[in-house]
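Q: build me a structure from this.
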Amino acid sequence: MPVLTSTGIIEPGSFVAYLERAAERGARHALSEVGLDGPEAARDLSELRSLLDAFNEAKKTAGLTIVRMLVTGLLVIVVSD
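A: Predicted coordinates:
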């Protein structure tokens, strides 16, 4: 079904092509705004993923450490009575 715009009628195939082109331009602009548009962008994204993975692993380790400390503390209290 053709799409009616302020400048006329656009055929569905052309409309989809316009949308895809606009989406790509928008994505490129957004990446450019945050500094991820150069030749180093893939490496930068990879480093960001690695950093996020490391942060999540540290969070997990910290949580486990706290639980172990609490359990050890409770055992010390129970054994010392």
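Q: helix, strand, or coil at Pro39?
A: Reducing the assignment at Pro39 to three states with DSSP: H, G, I helix; E, B strand; the rest coil gives coil.
Q: report how many residues lie close to it.
A: Other residues near Pro39 number 6, with proximity taken as other Cβ atoms under 10 Å. Where C-beta positions appear, they are placed from N, C-alpha and C, glycine not excepted.
Q: show me where this protein has helices.
A: Assignment of helices within the chain using DSSP state H yields the ranges 12-33, 41-80.
Q: dump the ones you listed to JSON lines, plus mean neighbour count and mean pLDDT.
A: Output for the helices of the chain, formatted as JSON lines (neighbours: other Cβ atoms under 10 Å; pLDDT from 0 to 100):
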{"stretch": "helix 12-33", "mean neighbour count": "11", "mean pLDDT": "89"}
{"stretch": "helix 41-80", "mean neighbour count": "10", "mean pLDDT": "95"}
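Q: so Ile10 bridges to which residues?
A: Partner residues in beta bridges with Ile10: Val3, with DSSP bridges as the criterion.
Q: for it, give its distance to Leu70.
A: Using Cβ to Cβ, to the nearest Å, we find Ile10 at a distance of 64 Å from Leu70.
Q: repeat that for Ala42.
A: To Leu70, Ala42 is 43 Å away according to Cβ to Cβ.
Q: tell me the spacing between the residue nearest the centre of the chain and Val76.
A: In the chain, the C-alpha closest to the average C-alpha coordinate belongs to Arg49, at a distance of 8.3 Å (Cα atoms, centre = their mean). As judged by Cβ to Cβ, Arg49 and Val76 stand 41 Å apart.
Q: next one: Ala30
A: Using Cβ to Cβ, which is the criterion applied here, Ala30 is 54 Å from Val76.
Q: what of Ile66?
A: The gap separating Ile66 from Val76 is 16 Å, by Cβ to Cβ.
Q: repeat for Phe15
A: Going from Phe15 to Val76 by Cβ to Cβ gives 71 Å.
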